[in-house]
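1. Make a model of this:
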Amino acid sequence: MEFELQATSAGTAARAGLITTAHGQIETPIFMPVGTVGSVKAVHFRDMRDDVKAQIILGNTYHLYLRPGVDVLRKAGGLHKFNGWDRPILTDSGGFQVFSLSQNRKLTEEGARFRSHIDGSMHMFTPENVVDIQRAIGSDIMMALDECPPGTSDFAYARKSLDLTLRWLDRGFKHYQETEGLYGYHQSYFPIVQGCTYPELRRESARHIAALGADGNAIGGLAVGEPAEKMYEMIEVVNEILPADKPRYLMGVGTPVNILEAIDRGVDMMDCVMPTRNGRNGMLFTRHGTMNMRNKKWAEDFSPLQEDGASWVDRAYSKAYVRHLFIANELLALEIASQHNLAFYLWLVGEARRHIMAGDFASWKAGMVEVLDRRL
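-> Next comes the predicted model:
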């Protein structure tokens, strides 16, 4: 994998770059739609390519390991061939999912033992076997196994958790270096910075990770209950240390405002389920604010979803019609809303990139932040 830093923004840490992988290039900053089980909920890959204009999607090791399983993916030739997505894929190691099963998992030095949420069967993730599983999935970017402590963790727990994560990282990175991909192309491995909301732990983690010289680096354990300002502070602390010549991936974040604030602080890659999950619940994001499509105020509003002509779905869909679909519990509502929101997120990071390249990101971002949280 190659990363080319193409531009920076005066007065901020924002940057524009280009990541080159075996399955194509990714212009940064970039938002990555979440395709947990190998599909982005309610959106066809045709629309992901043509309308959403997604450059990379996510898969999840935990879910893909359980269904369809490693054997099926290996026989298919990897996830790209299994699901037909021919652009880059990043896989989360499954650590966050395992650790969210707080009543059904046990952490040891060896790894994480957990019960499947599907049938209750017992499984074990280790730093080594999550590399092997991701080799079978064939993702372009693999993530290290880590523990994601709650944002409210006390220092003692955060210290213990980070120590375990760093020991796991060293084992996982060693195994990654000793193995090769199964399908004839390079796979990158990203370590994950942890340390909760404690600057000294975050710095220690970032220094440890920077020394590995991996293809890129991730920032995890944020947006898990801590205040937004604390999250922004931790991003700044970490990005002072992580190498500037490698992409930086902020995991699981967030709202449109969170996205812009992260870019402002030097983040290159982001993902979140918010655009699709909120979309399925009737919330649409626009450049003027958010709309709850179940509100009666839209019942006789026959204007397009995005009134300035920047709708990312068929412009025949009016606010009134989309509201009707939600009230009628019609499945098409979920498709329209999910596609619209994902395309908005991709538009937003694309505009951020354009303004970074033009040199006026700071002023553009200030104006956008003022309106993005408005309720229309």
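2. any idea which helix or strand comes after the strand or helix carrying Q134?
-> Taking DSSP states H and E as the definition, Q134 sits inside helix 127-137. On the C-terminal side of helix 127-137, the nearest following helix or strand under DSSP H and E is strand 141-143.
3. returning to what we had before: could you give me the buried positions within the helix holding Q134?
-> Across helix 127-137, burial judged by 16 or more other C-beta atoms under 10 Å covers 127-131, 133-137. Where you see a C-beta, it was placed from the backbone N, CA and C, and this is true even at glycine.
4. Pick the one among those closest to P191.
-> P127 (10.9 Å; C-beta to C-beta).
5. how would you label E261: helix, strand or coil?
-> Using DSSP: H, G, I helix; E, B strand; the rest coil, the structure places E261 in helix.
6. is it true that it touches Y232?
-> Yes - contact criterion C-beta atoms under 8 Å: E261 and Y232 qualify, at 5.6 Å.
7. Tell me which of these two has more neighbours.
-> E261 (20 against 16; other C-beta atoms under 10 Å).
8. thinking again about what came up before, which strands or helices does the helix holding Q134 pack on?
-> The helices and strands touching helix 127-137, judged by 3 or more C-beta pairs under 8 Å, 6 or more residues apart in numbering; DSSP states H and E, are helix 61-66, helix 70-76, strand 89-92, strand 141-143, helix 155-178.
9. which strands and helices sit next to the fourth one?
-> Same thing as strand 141-143. By 3+ C-beta pairs under 8 Å, 6+ apart, strand 141-143 packs against strand 89-92, helix 127-137, strand 188-190.
10. could those be laid out in CSV, adding mean pLDDT?
-> Below are the helices and strands packed on strand 141-143 laid out as CSV (pLDDT from 0 to 100):
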stretch, mean pLDDT
strand 89-92, 97
helix 127-137, 98
strand 188-190, 98
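11. so where is the stretch 251-376 of the chain shaky, pLDDT-wise?
-> 307-315 (pLDDT under 70).
12. Tell me where it has helices.
-> 256-264, 274-280, 319-327, 331-358, 361-372 (DSSP state H, counting those that start in this stretch).
13. hey, which of those is tucked in deepest?
-> Compared across the helices of the stretch 251-376 of the chain, helix 256-264 shows the largest average neighbour count, a mean of 23 (mean count of other C-beta atoms under 10 Å).
14. Contacts for that helix, please.
-> 12-14, 29, 31, 223, 228, 231-232, 235, 250, 253-254, 270, 285, 344-345, 348-349, 352, 356, 361-362, 365, 368-369, 372-373 (C-beta atoms under 8 Å, 6 or more residues apart in numbering).
15. if you set the cut-off to 7 Å instead, what comes out?
-> 12-14, 29, 31, 228, 232, 235, 250, 253, 270, 285, 348-349, 352, 365, 368-369, 372-373 (C-beta atoms under 7 Å, 6 or more residues apart in numbering).
16. Could you do stretch 366-376 as well?
-> 256-257, 260, 288-291.
17. which stretches of the stretch 1-150 of the chain have low pLDDT?
-> In the stretch 1-150 of the chain, residues with pLDDT under 70: 102.
18. Helices of that one, start to end?
-> Under DSSP H, counting those that start in this stretch, the stretch 1-150 of the chain gives helices at 45-47, 61-66, 70-76, 79-83, 95-100, 127-137.
19. and the gap between G35 and E330?
-> Per C-beta to C-beta, to the nearest Å, G35 is found 23 Å from E330.
20. swap that for R49, sorry
-> With C-beta to C-beta as the criterion, R49 and E330 are 25 Å apart.
21. D215: which of the helices of the stretch 1-150 of the chain is closest?
-> helix 127-137 (13.7 Å).
22. what comes into contact with the closest one?
-> By C-beta under 7 Å, 6+ apart, helix 127-137 touches 59, 61, 64-65, 70, 73-74, 78-79, 91, 93-94, 111, 142, 145, 168, 171-172, 175-176, 179, 181-182, 187.
23. among those, which ones are buried?
-> 59, 61, 64-65, 70, 73-74, 78-79, 91, 93-94, 111, 142, 145, 168, 171-172, 175-176, 181-182, 187.
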